[in-house]
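Colleague: Here is my input; please provide its structure:
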Amino acid sequence: MKLLPVFATFALSAGCASGGAQVIQFDGERALGYVRTQMEFGPRVPNTDGHRRTGDWILEQLRQKVDTVEVQAFTHVTLDDDTLQLRNFIGRIMPEMSERVLLLAHWDTRPVSDKATNMAQRRLPVPGANDGASGVAVLLGIADELRVHPPIVGVDLLFVDGEDYGDFSAEHDVLLGSKHFAANLPEGYQPLFGVLLDMVGDANLSLPKEWNSNNRAPEVVDRVWRKANELGFGRVFRNEVGGAVTDDHIPLLDAGIRTIDIIQLPLPPYHHTPEDTIDKLSARSLAIVGSVAVALVR
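Modeller: This is a model prediction of the structure:
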């Protein structure tokens, strides 16, 4: 994802109420284990063995946890004339329900560490513990929780590929999976709202309201941040507007799906560097985000 400059931010209230006692209803340790498994595959760069093995593992997990699974396999030819083999995975819970909520994350990792301060490291792939694996881990944990306590609406868990491959400054070869999904929606598909989870595992988690989300789907932002406050997470889900991010919610917003981005802002210093490793994450942060997501659909 790319953080865009925003020339003003807005404090929305005089304080950030914690909402009382914190309500954890999500297994953060199990989610951290899902991060660890992804990291063991190595970088999940398209067309690599780590990417293929990770995709196969996500597919296997979904087949065990949800009611139906769809694979969107597609190719993308880059500006450098490389053909990427990509897959989106869609896990549906209670597919018979007409009212649905879309939750998504990207599962690929970036082929270059373009923000590394060491020039020699810029050719290295990003490990993607927070940028990729954390969102995937929370989605899989949501599937676990909803197997035990079913939601009151249908839930679609979307794992998009090819988000982080190319050049964000020129918007070339990026957001590939979400663009493909937005261009190939099931007939009549119109979820109540969508929530993107990206960079949600940092031990010092800070989640202001992403600018594009707040500007284009404010009612969804209000719903999510209100729920977070009710659960006692007002200090993490900060009641202020942060920067604007080019991320997988943008193609969905453009397709008419009211989708917001839950993302760590400002982006941490290890973003798009070889330092995006599992030691930066905490089970508690994953549990907080997972708890809010589960509460939205119960």
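Colleague: Can you verify my assumption that L267 contacts S206?
Modeller: No - contact status for L267 versus S206: not in contact, 10.4 Å apart, counting by CB atoms under 8 Å. For the C-beta atoms, the positions are set from N, CA and C on the backbone; glycine is no exception.
Colleague: residues contacting D279?
Modeller: If a contact means CB atoms under 8 Å, 6 or more residues apart in numbering, then D279 has no contacts.
Colleague: For it, give its distance to L32.
Modeller: 11 Å (CB to CB, to the nearest Å).
Colleague: ok but P43 is inside a helix, no?
Modeller: No - read with DSSP: H, G, I helix; E, B strand; the rest coil, P43 is coil and lies in no helix.
Colleague: At which residues are the helices of the stretch 1-150 of the chain located?
Modeller: For the stretch 1-150 of the chain, helices defined by DSSP state H, counting those that start in this stretch occupy the ranges 28-40, 49-65, 134-148.
Colleague: quick one, which of L267 and S206 is more surrounded?
Modeller: Each of L267 and S206 has its neighbours counted (other CB atoms under 10 Å); L267 has more, 20 against 16.
Colleague: tell me the SS of that one?
Modeller: Quick answer, by three-state DSSP: L267 is coil.
Colleague: what's the span of stretch 167-176, first residue to last?
Modeller: Length of stretch 167-176, first residue to last, CA to CA, to the nearest Å: 12 Å.
Colleague: Next, the buried residues of that stretch.
Modeller: Neighbour-count burial for stretch 167-176 flags 168, 173-176 (criterion: 16 or more other CB atoms under 10 Å).
Colleague: Strands of the stretch 51-200 of the chain, start to end?
Modeller: 68-77, 83-93, 100-106, 154-160, 193-198 (DSSP state E, counting those that start in this stretch).
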